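**Student:** Here is a sequence together with a model predicted from it:
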Amino acid sequence: MKHTKIILAALMTLSLSGYAQTPTETFFNVTSADNQSQGMAMVLATQMLEQKAAVRVLLCGPAGQLALKTYEPAALKPRNVTPKQMLAGLMKAGATVEVCALFLPNADRTPADLADGITVAKPPEVAAYMLKPGVRAFGF
């Protein structure tokens with residue numbers, strides 16, 4: 001009986017420690033033209049990244065502007081940083097950032113117009129990621 005309890009305790013510990021080490025995967029779909037909404041998406045994504053979650057950001061519609069080299073949104077208080085600056089910080093910390101496949105052709109832009117590190121999303125890959133069990137999706 002003593003050995004059974006030890007084995008069960010060991011299995012529970014291994015099971016729980018394996019679960020705790022599985023990183024949370026997150027998907028942020030940012031479409032809003034609103035500067036504060038974009039900023040809040042970046043703030044929350046940053047917090048999740050700092051808490052060891054994997055972060056993937058898809059910029060679509062008006063929010064696709066954040067992906068462009070030449071776009072400069074207004075800074076937000078209280079830190080006086082722009083959503084684009086926060087997005088750059090996310091990428092530097094390891095987040096994946098993509099612009100939706102429809103953005104560039106409909107904005108008369110090319111991949112050369114994208115900021116460094118931002119790629120064009122491939123819909124089959126994005127869909128597969130979104131369907132993965134445990135991926136948490138957020139829309140802004």
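**Tutor:** Right, received. Where do you want to start? Numbers count the residues shown, from 1 in each chain.
**Student:** Double-check that T26 belongs to a strand.
**Tutor:** Yes. Checked against DSSP: H, G, I helix; E, B strand; the rest coil, T26 lies within a strand.
**Student:** Please name the bridge partners of it.
**Tutor:** Taking DSSP bridges as the rule, T26 bridges to V55, R136.
**Student:** That one and L76, how far apart?
**Tutor:** 21 Å (Cβ to Cβ, to the nearest Å). Backbone N, C-alpha and C define where each C-beta goes, glycine included.
**Student:** With A88 instead?
**Tutor:** Separation of A88 from L76 (Cβ to Cβ): 14 Å.
**Student:** got a pLDDT number for the residue nearest in space to the middle of the chain?
**Tutor:** The residue lying closest to the centre of the chain (Cα atoms, centre = their mean) is R56, at 2.8 Å. The model reports R56 with a pLDDT of 98.
**Student:** The residue nearest to it when sequence neighbours are not counted - how many residues pack around it?
**Tutor:** Sequence neighbours aside, T96 is the residue nearest to R56 in space, at 4.5 Å (criterion: Cβ to Cβ, 6 or more residues apart in numbering). For T96, the neighbour count with other Cβ atoms under 10 Å is 17.
**Student:** V57 now?
**Tutor:** Neighbour count for V57, taken as other Cβ under 10 Å: 26.
**Student:** Tell me the secondary structure at it.
**Tutor:** V57 ends up strand, using three-state DSSP.
**Student:** Kindly provide the distance from it to D108.
**Tutor:** On the measure of Cβ to Cβ, V57 and D108 end up 23 Å apart.
**Student:** again, but for V120
**Tutor:** V120 sits 15 Å away from D108, going by Cβ to Cβ.
**Student:** One more: K92?
**Tutor:** Separation of K92 from D108 (Cβ to Cβ) stands at 29 Å.
**Student:** Kindly report the same for T46.
**Tutor:** From T46 to D108 the distance is 31 Å (Cβ to Cβ).
**Student:** Report the mean confidence score over stretch 99-111.
**Tutor:** The model assigns stretch 99-111 a mean pLDDT of 97.
**Student:** what does stretch 125-140 give?
**Tutor:** Averaged across stretch 125-140, pLDDT comes to 97.
**Student:** So which residues make contact with that stretch?
**Tutor:** For stretch 125-140, contacts defined as Cβ atoms under 8 Å, 6 or more residues apart in numbering pick out 22, 24-32, 37-38, 40-41, 44, 56, 58, 63, 98.
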